[in-house]
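1. fold the following, please.
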Amino acid sequence: MNGNKMIEKIYNYAPAIFLVVGLILWLIIFYVAKQYSIYSSGSVWSVLSIIFILVYIVSGVMIRNLYHQVHTDTLTGLHNRKYLFAKLSEIKANGGFSLILIDLDDFKNVNDTYGHIAGDQVLQQFAEILLHNTRKDDIIARWGGEEFAIILPDTQCEVAYKIADRIRKVVEQHVFSYQGITCRITISIGLGSAKKELDFKTENFIKTVDEALYKAKEKKNSIVCCSND
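-> Modelled structure (predicted):
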């Protein structure tokens, strides 16, 4: 199993891991206390046991939540750039994939016209559109500012293009709203696919897809594909 994936699983299951460790330590302490006749009354021991277990569970939950916070964009609730880079390297090692980079067209105009709070609402609503128009195993991240990225594992260009175009059409038809303010936006998309058997640098692949995105931004409301053949 990939190292990053193993670490992620450990953090995700931190509450259960801490609970198991806590129970083992509790049994050891109970055994030692009984062996050396320092066993307290049943009620006192029960209270201490509950406190002991709760401390371990809470500690595990806190560690898991901290891990998620480090890898989550605070505004949209999506993954952040750091998480996406880690997953991209992991997925690259396991098989072919596609990468979608998205930029909101003329987003500065939204901020200038309606204010940054309204702009933040647009970003949050756009994140919801991404979540509802991608698949369970797809990895969505806020790339930075008004740019977003999606990794599509085991997905080649034709299928990835259909997903990207569906997102583009949904956004084009969607009315974004905030406290009586409504606006429409469009998006530009760069798309690249990589085959399992190819050997390439992740940074170079991202750069290639980013160049496709810039070509799409020249047209606006469009998709430009590249390949990593």
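
2. show me where the chain has its strands.
-> Here the chain has its strands, by DSSP state E, at 97-104, 139-144, 147-153, 176-178, 181-183, 187-194, 223-227.

3. would a markdown table of those strands with distance to residue 170 and mean pLDDT be doable?
-> No exception for glycine: its C-beta is placed from N, CA and C like everyone else's. Converted to a markdown table, those look like this (distance: least, C-beta to C-beta, whole Å; pLDDT from 0 to 100):
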| stretch | distance to residue 170 | mean pLDDT |
| --- | --- | --- |
| strand 97-104 | 12 | 96 |
| strand 139-144 | 14 | 94 |
| strand 147-153 | 14 | 96 |
| strand 176-178 | 12 | 94 |
| strand 181-183 | 15 | 92 |
| strand 187-194 | 10 | 95 |
| strand 223-227 | 13 | 87 |
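
4. turn these into JSON lines, including mean neighbour count and distance to residue 124.
-> Below are the strands of the chain laid out as JSON lines (neighbours: other C-beta atoms under 10 Å; distance: least, C-beta to C-beta, whole Å):
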{"stretch": "strand 97-104", "mean neighbour count": "24", "distance to residue 124": "12"}
{"stretch": "strand 139-144", "mean neighbour count": "20", "distance to residue 124": "10"}
{"stretch": "strand 147-153", "mean neighbour count": "23", "distance to residue 124": "12"}
{"stretch": "strand 176-178", "mean neighbour count": "17", "distance to residue 124": "9"}
{"stretch": "strand 181-183", "mean neighbour count": "14", "distance to residue 124": "14"}
{"stretch": "strand 187-194", "mean neighbour count": "25", "distance to residue 124": "15"}
{"stretch": "strand 223-227", "mean neighbour count": "18", "distance to residue 124": "23"}
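
5. can I get the ones you listed in TSV with distance to residue 207?
-> Output for the strands of the chain, formatted as TSV (distance: least, C-beta to C-beta, whole Å):
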stretch	distance to residue 207
strand 97-104	11
strand 139-144	13
strand 147-153	13
strand 176-178	31
strand 181-183	32
strand 187-194	10
strand 223-227	10
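
6. quick check: residue 147 touching residue 100?
-> No. Taking contacts as C-beta atoms under 8 Å, residue 147 lies outside contact range of residue 100: 11.0 Å.

7. so what sits against both of these two?
-> Shared contacts of residue 147 and residue 100, defined by C-beta atoms under 8 Å, 6 or more residues apart in numbering, are absent.

8. show me how the chain divides into domains.
-> 3-70, 81-227 (automatic domain parsing).

9. worst average pLDDT in those domains?
-> Sorting these by mean pLDDT places domain 3-70 lowest, at a mean of 61.

10. any chance you could map the helices in the protein?
-> Ranges of helices in the chain, per DSSP state H, are 3-12, 14-35, 42-70, 81-94, 107-114, 116-132, 157-173, 202-219.

11. please name the nearest non-neighbouring residue to residue 154.
-> In space, and not counting its chain neighbours, residue 154 is closest to residue 95: 5.5 Å by C-beta to C-beta, 6 or more residues apart in numbering.

12. before we move on, what about residue 156?
-> Using C-beta to C-beta, 6+ apart, the closest residue to residue 156 is residue 193 (5.2 Å).

13. who touches that neighbour in this structure?
-> Applying C-beta under 8 Å, 6+ apart, one finds that residue 193 lies in contact with 96, 97, 98, 99, 155, 156, 157, 160, 225, 227, 228.
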